[in-house]
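Undergrad: Structure of the sequence below:
(2 chains)
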2 protein chains.
Amino acid sequence: MNRVINDPDRVTEDSLAGVLAAHPDLLAATEHPRVLRRADMGGTPRVGVVTGGGSGHEPAFLGYVGPGLCDAVAIGEVFASPTAKSFHAAFREADQGRGVACLYGNYAGDNMNVKMAVKLAAKDGIRVETVVANDDCASAPPDQPENRRGVAGEIMMWKAGGALSAEGADLEQVIAVSRKAIDSTRSIGIGLSACTIPANGKPNFTIEAGTMEVGIGHHGEHGIAVLPVAPAREMAAIMLEKILADMEFGGENVAVLVSGLGATPLMELYLLYGHVDEMLRARNITPTHRFVGNYFTSLEMMGVSLTLTRLDGELDRLLRAPARSIGLTVLGS
Amino acid sequence: MNRVINDPDRVTEDSLAGVLAAHPDLLAATEHPRVLRRADMGGTPRVGVVTGGGSGHEPAFLGYVGPGLCDAVAIGEVFASPTAKSFHAAFREADQGRGVACLYGNYAGDNMNVKMAVKLAAKDGIRVETVVANDDCASAPPDQPENRRGVAGEIMMWKAGGALSAEGADLEQVIAVSRKAIDSTRSIGIGLSACTIPANGKPNFTIEAGTMEVGIGHHGEHGIAVLPVAPAREMAAIMLEKILADMEFGGENVAVLVSGLGATPLMELYLLYGHVDEMLRARNITPTHRFVGNYFTSLEMMGVSLTLTRLDGELDRLLRAPARSIGLTVLGS
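TA: This next block holds a predicted model:
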């Protein structure tokens, strides 16, 4: 396996050592080896914002910890949920006496472990409210939102919730705006190659050369169609049609996020973005916030995801607020 | 070919359309279709800073155009030099009456085309001085610096030169500090897989499974050794030894840049960084500026490059200065 690792079973901890060495100004270790927190939590007590998820999606999840975003993160092994103890420890790190918003993605393991961690935190007297992201509109029909996975749209949820926390809002308000952000968000991915979890040593799913999997999940979960590889403008059309059929977007401003899944060259992500931008404007939808890059990945998978967030005045303001992290820095305007 | 493209021969122009759509606040089109410039050049006339190079290395080169960095960029086809006309047009865009610093990498095509473009600019009355980056210490012996390629270390040159231009320095000063930055910089790469230029449809070089090419160039140029894939800590040691044997680094502060070559998961780049950091500190060398990510890539090549810059007080100050671009944003401190 041609990869940059040591012991395949220790990739996560080896990587975390490097993250901490590289970003002492931004991230700090905690007593729990799978929990990181903001190096500087800021002066005034705020609502704590926590996320968490499996490794292998970098810069998600730890790359969205920082001023204006999340306060602490629970880190799982590659493509595996953090433990309940990790989430619990992250809640304790993030809590500043005003409660904790846990903003995470809809996967069975995460749901179970967050639920247990919330109970553990309650015993400590820490109030935790949760929002479960389910923006992947290819992962279940519209009438089964509880079966939809959370993917790159989680970034919009973290940005909105983190910005409102920074403004001094209370827990109910932070939860409400985080929920609004993810409810206003739809995502879909197209996979062009599989990826290999180092500890497995070979892919646990396949994408044949010359084919693409529309609606693929961030761990190679099956999508809605396997098609011959299409030109980028058709990929853009396929993804946009699915999203626009799933939620009303009309005449508004939107945030658009095109994320590579790991191995896709940045020039190809921009190429795809160009088509998305053009197609949105043709429908009188204006992309006022544009993100193109490797924001939420799946190891070295080739492919791309598209995320759209419908913006009202509040979400627009919160996306513009300053933030600083490995994955997203906003200067503020 | 499982890629996100339309016509393989139009990847560069299709991609540029997306770049301009995504970043109208940062980048602007010019009369020349292969030249972009800063959307806002700032008020006071400065020394213009220009770079250029082939596509496929994104975010290099266009991703380093912005406040505190470069003013204009000449863009070639994938892995091919920009034309002399492109460089010439970039000089005209960047010129504000105080001369232009052209900071680019040492490749035959670029050398030839920059030289022609400088002559064309002279006829317009624009004075252009050049610095040719040659930081890849694996590409030729120490006594043949003229045969060494420019790689990710160019980012340090752009940052230093761009920051000094922003301070209002004159052309001689900008050239001198850019030269000092690249002369204080050494890089080396390790390749773990080949990459495919879309217009070719298949790789024009190979790296066998289970092997790594030490010293590989950004276009697959042969390195200095093909070895069995080593653990990440050995990769770090091999790269560091080569760099430290090439230039005196002792007791100083350094800037360290670990860049993925395209397909390497971010968690693996951090994993490698952790070893580099530890090994440097064991030699009393302190990494005061740390960059880990996909800063200078080769399409979807798997692999990594390591860059070290020896810092004096001036370079340290210039690296800290604020900058904003697709590839690098520094808040300033």
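
Undergrad: Flag the shaky bits of chain A, pLDDT-wise.
TA: A:333 (pLDDT under 70).

Undergrad: Once you drop chain neighbours, what's closest to the closest residue to chain B within the stretch 151-300 of chain A?
TA: Per Cβ to the nearest Cβ, A:Gly274 is where the stretch 151-300 of chain A lies closest to chain B, at 3.0 Å. For every residue, glycine as well, the C-beta is placed using N, CA and C. In this structure, A:Gly274 finds its nearest non-sequential neighbour in B:Gly18, 3.0 Å apart by Cβ to Cβ, 6 or more residues apart in numbering or on different chains.

Undergrad: quick revisit: quick one: the residue of the stretch 151-300 of chain A closest to chain B is in a helix?
TA: Yes - assessed by DSSP: H, G, I helix; E, B strand; the rest coil, A:Gly274 belongs to a helix.

Undergrad: what are the ranges of the strands in the stretch 51-200 of chain A?
TA: A:72-78, A:100-105, A:128-133, A:185-191 (DSSP state E, counting those that start in this stretch).

Undergrad: The stretch 201-333 of chain A now?
TA: A:211-214, A:225-228, A:253-260, A:286-293, A:303-310.

Undergrad: What strands flank the first one, and is each parallel or antiparallel?
TA: Translated: strand A:211-214. Strand pairing for strand A:211-214, determined by DSSP bridges: strand A:185-191 (antiparallel), strand A:225-228 (antiparallel).

Undergrad: Provide a list of residues in contact with the nearest residue to A:Ala166 once chain neighbours are set aside.
TA: Nearest non-adjacent residue to A:Ala166, counting by Cβ to Cβ, 6+ apart: A:Gly68, 5.3 Å away. Residues in contact with A:Gly68 (Cβ atoms under 8 Å, 6 or more residues apart in numbering or on different chains) are A:159, A:162-163, A:166, A:321-325, A:330.

Undergrad: One more pass at 7 Å, please.
TA: Contacts were defined as Cβ atoms under 7 Å, 6 or more residues apart in numbering or on different chains; by that measure A:Gly68 touches A:162-163, A:166, A:321-324.

Undergrad: Distance of it relative to chain B?
TA: 12 Å (Cβ to the nearest Cβ, to the nearest Å).

Undergrad: per-domain residue ranges of chain A.
TA: Residue ranges for the domains of chain A, per the TED database: A:10-184, A:185-330.

Undergrad: looking at the strands of the stretch 201-333 of chain A, which is closest to A:Leu244?
TA: strand A:303-310 (8.0 Å; Cβ to Cβ).

Undergrad: So in that sheet, which strands flank the closest one, and in what orientation?
TA: Strand pairing (DSSP bridges) places strand A:303-310 next to strand A:185-191 (antiparallel), strand A:253-260 (antiparallel).

Undergrad: list the buried ones in stretch A:228-248?
TA: A:229-230, A:232-233, A:235-236, A:238-240, A:242-244, A:246 (16 or more other Cβ atoms under 10 Å in any protein chain shown).

Undergrad: from these, which is closest to B:Leu299?
TA: A:Ala232 (15.1 Å).

Undergrad: was I right about the closest one contacting B:Asn6?
TA: Yes - using Cβ atoms under 7 Å, A:Ala232 makes contact with B:Asn6 at a distance of 5.3 Å.
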